[in-house]
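> okay, predicted coordinates and the sequence, questions at the end:
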Amino acid sequence: MDVRSLRYFISVIRRGGVGAAAAEHLVSQPAVSAQIRRMEGAVGERLFVRSGRRIAPTALARDLAREAEQVVAAMDAFEAYVAGALGLQSGHLRVGNIDAASVYVLPETYREFHQMYPGVTVEIMVGDSRELLAALHRGDVEIATTTLPVDDPAVEATEIYRERLVVVTHPENPLCRKRRVDAQDIVRQGLITYPGGATTRRLIDRAFAREGVVPRARMEISSPEAMRRLTEAGLGVALLPEPVVAASLARGALRRIRNDALHVERAIGLVHRGDNTLSPAARAFVKMTRSTVKPAGDAPA
């Protein structure tokens, strides 16, 4: 029993005969009769009483027809959804982003995607790189935008953006009065940084290690925006992406501490499990991201 059998079955009851049902579906009468016999075999009961050329549904057939109409309607809706999804007229796209991707890397991509595919709903999960990779493997998101590198052979990663982290603190911090600030000075003033194990934290730790310093954190938090706020409150020193602190520096809420030796640069990449696993909406988003986000070499230095 399949949807075609159900469609013929419903038409026979509605139209009052096999011939009318066959005409409705542009098939032969024997084709409709064969589907009705097949359905009766599957049910194990006669569904029509035949008298010469006339055919009348049994009480069971009328009951089944109501259920069949719901099944056919659901299948019609499913087929319409599939057609819409393939044509990107409808559908659902689940994306995972680190804070930076949501705040200043991908907004233009989201704007263009919505303008081009207004029927596709985009759901965004925000977390750190580890959380997003776990969500990717669970199937909670199709695409993740994370800090690179990603040490996972099961996924594909493409760099889309590169940025420098700068040392910032409150304008009244003693470091602002020093001509020369080294890595140890920064640690003494209290480092506000990413949690241990986070990809960006590893990049920061390596930069301190090159200066022979072990960076002990005063505060650990995964949100760059929260780090900026805590630093503005005078709670310590932070290494943050330039776009995150640009407005704070411009209005004097933060001061940049120059330290050429403590150079931290991070790459942000688009991560997924392979093009052959992506939905049409996800493939379109990946392609659009690569065309709208600045190439790594053009990002702020």
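In hand now; what should we look at? All figures in this text were calculated on a predicted structure; none of them were measured in a lab. Numbering: from 1, shown residues only.
> quick check, central residue of this protein?
In the chain, the C-alpha closest to the average C-alpha coordinate belongs to V95, at a distance of 1.1 Å (CA atoms, centre = their mean).
> who does it form a beta bridge with?
For V95, the beta-bridge partners under DSSP bridges are I124, I143.
> against V271, how distant is it?
Applying CB to CB, to the nearest Å, the value for V95 to V271 is 11 Å. Using the backbone N, CA and C atoms, a C-beta is placed for each residue, glycine as well.
> flag every buried residue along stretch 218-235.
When neighbours are counted by 16 or more other CB atoms under 10 Å, the buried residues of stretch 218-235 are found to be I221, S222, P224, M227, R228, L230, T231, E232, L235.
> what about the closest residue in space to E108 that isn't next to it in sequence, neighbour count?
Ranked by CB to CB, 6 or more residues apart in numbering and with sequence neighbours excluded, the top spatial neighbour of E108 is T292, at 5.2 Å. Taking other CB atoms under 10 Å as the neighbour definition, T292 ends up with a count of 17.
> ok, T292 - contacts?
Contact analysis of T292 by CB atoms under 8 Å, 6 or more residues apart in numbering lists E108, T109, E112.
> go on, A209?
With CB under 8 Å, 6+ apart as the criterion, no residue contacts A209.
> again, but for F113
Contact criterion CB under 8 Å, 6+ apart gives V120, V122, A284, F285, M288 as the residues in contact with F113.
> reformat these as CSV; add secondary structure.
Below are these laid out as CSV (DSSP: H, G, I helix; E, B strand; the rest coil):
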residue, secondary structure
V120, strand
V122, strand
A284, helix
F285, helix
M288, helix
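> and the buried ones among those, selectable in PyMOL?
Isolation of the buried members of those (16+ other CB under 10 Å) is achieved in PyMOL through the command below:
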select buried, resi 120+284+285+288
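> redo the contacts of F113 as TSV? Include pLDDT and distance to R201.
Rendered in TSV, the data for the contacts of F113 read as follows (pLDDT from 0 to 100; distance: CB to CB, whole Å):
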residue	pLDDT	distance to R201
V120	87	35
V122	92	29
A284	88	33
F285	91	28
M288	88	31
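> just the contacts of F113 now: which is nearest T147?
Of all the contacts of F113, T147 sits closest to F285, with 19.3 Å by CB to CB.
> roughly how far does S102 sit from L203?
S102 sits 20 Å away from L203, going by CB to CB.
> if we can go back for a sec, least confident pick among the buried residues of stretch 218-235?
Ranked by pLDDT, those bottom out at S222, which scores 88.
> distance of that residue from V122?
According to CB to CB, S222 stands 22 Å off from V122.
> same question, A20
Relative to V122, and taking CB to CB, A20 is found at 47 Å.
> please apply the same query to Q189.
Q189 sits 41 Å away from V122 when distances are taken as CB to CB.
> next one: G16
Using CB to CB, G16 is found at 49 Å from V122.
> likewise A267?
Remark: distance between A267 and V122 (CB to CB) = 24 Å.
> and if you look at H114?
Shown here: H114 relative to V122, a distance of 7 Å by CB to CB.
> kindly reformat the contacts of T292 as JSON lines containing pLDDT and neighbour count.
Listed next are those as JSON lines, based on pLDDT from 0 to 100; neighbours: other CB atoms under 10 Å:
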{"residue": "E108", "pLDDT": "90", "neighbour count": "14"}
{"residue": "T109", "pLDDT": "92", "neighbour count": "21"}
{"residue": "E112", "pLDDT": "90", "neighbour count": "15"}
